[in-house]
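[1] got a sequence here, can you model it:
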Amino acid sequence: MLASIFVISGVRIVVDPDSRVATAKKVTDRVAPLLTKIDPRLPNDARTLVRLKAGVDVVAGLLLASGKLTRPAAAVLAANLVPTTIAGHPFWSLPQPERRQQETHFLKNLGLLGGLLLAAADTQGKPSIGYRTSHAAHRSQRTIEQVVNRSQRSVKRAVKTAQREAKIAARSAAVARRLPG
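    Coordinates of the predicted model:
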């Protein structure tokens, strides 16, 4: 369900990117010089970037909906949603009645962002990597401590046994010296 809006709107924008170019220019005009700096071969015109973003939304939305690579797909959709929300729904700069409508869309996108962040963090009932790593380290440390404690007890037992054996040997030697012959 969460993915459906991204798939549907992404397909619509791939088919007709011109409907979003003017709005996207607020972001793409800032991003284009960075893309050119990174690699001059990267596309930097608003129309291509709009279409590319829409295509990514479709693919990530389908992955999320199908349950494949859900965490990365949700993270990509969340990252894509931020500039879209800021550029597409700047309610703070609009007069009333339009302001209220854009504010509603802005808040809707914040709700979608929250859902995507939950999906990106969801481990499907499995502990996270951080949790598993810290607990594995803790278990390893506990195991090492147990081995060290057992070794210390074994050494103490061996020392006590050796001391007893030495006493017995000393007594036997003393008895042997006292015996005639």
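
[2] could you list the low-pLDDT ranges of this protein?
    123-129, 181 (pLDDT under 70).

[3] ok, residue 64 - how many residues close by?
    Look at residue 64: counted by other CB atoms under 10 Å, it has 26 neighbours. (Each C-beta comes from the backbone N, C-alpha and C, glycine too.)

[4] spit out the contact partners of it.
    Contacts for residue 64 (CB atoms under 8 Å, 6 or more residues apart in numbering) come out as 2-3, 6, 70, 73-74, 77, 119.

[5] same list, those residues, but as TSV with secondary structure, neighbour count and distance to residue 93 please.
    Formatted as TSV, the contacts of residue 64 follow (DSSP: H, G, I helix; E, B strand; the rest coil; neighbours: other CB atoms under 10 Å; distance: CB to CB, whole Å):
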residue	secondary structure	neighbour count	distance to residue 93
2	coil	16	29
3	coil	24	30
6	helix	26	26
70	helix	19	35
73	helix	25	32
74	helix	24	30
77	helix	28	25
119	helix	18	31
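
[6] what's the single longest helix in this protein?
    Ranked by number of residues, the top helix in the chain under DSSP state H is helix 129-178.

[7] setting the sequence-adjacent residues aside, check what's closest to the residue nearest the centre of the chain.
    By CA atoms, centre = their mean, the chain has its centre lying nearest to residue 121, at 6.1 Å. Among residues not flanking residue 121 along the chain, residue 71 sits closest, at 7.6 Å (CB to CB, 6 or more residues apart in numbering).

[8] isn't the one you found up against residue 117?
    No. Using CB atoms under 8 Å, residue 71 makes no contact with residue 117, being 10.7 Å away.

[9] for burial, what's the neighbour tally of residue 71?
    Neighbours of residue 71 using other CB under 10 Å come to 15.

[10] quick one: residues contacting it.
    Here residue 71 is in contact with 119-122 (criterion: CB under 8 Å, 6+ apart).

[11] likewise residue 119?
    2, 64, 70-71, 74.

[12] the residue lying closest to residue 32 once chain neighbours are set aside: neighbouring residues, count only.
    Spatial nearest neighbour of residue 32, excluding adjacent residues (CB to CB, 6+ apart): residue 44 at 3.8 Å. By the criterion of other CB under 10 Å, residue 44 has 18 neighbours.

[13] pretty sure residue 44 sits against residue 35.
    Yes. Using CB under 8 Å, residue 44 is in contact with residue 35, at 4.7 Å.

[14] from memory residue 75 sits against residue 120, does it?
    Yes. When contacts are counted by CB under 8 Å, residue 75 is listed as touching residue 120 (4.3 Å).
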